[in-house]
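Trainee: heads up, no residue letters with this:
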């Protein structure tokens, strides 16, 4: 891990489901970048928000990996919940997701949740979400780009 110096106010970042899964499954290509994002969070360099929907979706994905330890998943997510801001996608976020003409309703609802959590950044590996325009000043970026920006 490279040394990073925080000279700015703490950034609030929403972590998309795929970043959680990359963190939890070390064989995924995005694992190292997700580890760095979590290191920044646990070092209080950034404040993290996650939706309960992301944790539930991650449990489903991890549970389908042969030999994956759901005990590890439970312990990791309980620790995450104690260290971050978590919340549920409420009816308003879901309505926003359904009303948005963009096809990915789940992504729409996650972005609405991130916006209502006052997140500065959405961190995701979802190519469609990375190409989306989001309400300013919120930005969407990959874990790699985010970590590189923190190093700059």
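Mentor: Perfect, I can see it now. These figures come from a predicted structure and were not determined experimentally. Residues are numbered from 1 along each chain as shown.
Trainee: after the helix or strand harbouring residue 71 comes which helix or strand?
Mentor: Per DSSP states H and E: residue 71 is located in helix 70-83. Downstream of helix 70-83, the next assigned helix or strand under DSSP H and E is strand 85-87.
Trainee: for the next helix or strand after that following strand, packing partners?
Mentor: Next in sequence after strand 85-87, counting helices and strands by DSSP H and E, comes helix 91-99. When contacts are defined as 3 or more C-beta pairs under 8 Å, 6 or more residues apart in numbering; DSSP states H and E, helix 91-99 sits against helix 105-116. Where C-beta positions appear, they are placed from N, C-alpha and C, glycine not excepted.
Trainee: Check the offset of the helix it packs on from the chain's centre.
Mentor: Centroid separation between helix 105-116 and its chain, computed with C-alpha atoms, centre = their mean, to the nearest Å, is 11 Å.
Trainee: Give me the buried stretch members for the least confident helix or strand in the chain by mean pLDDT, please.
Mentor: Ranking every helix and strand in the chain by mean pLDDT, DSSP states H and E puts strand 85-87 at the bottom, with a mean of 81. Using 16 or more other C-beta atoms under 10 Å as the test for burial, strand 85-87 gives residue 86.
Trainee: Noted, bye for now.
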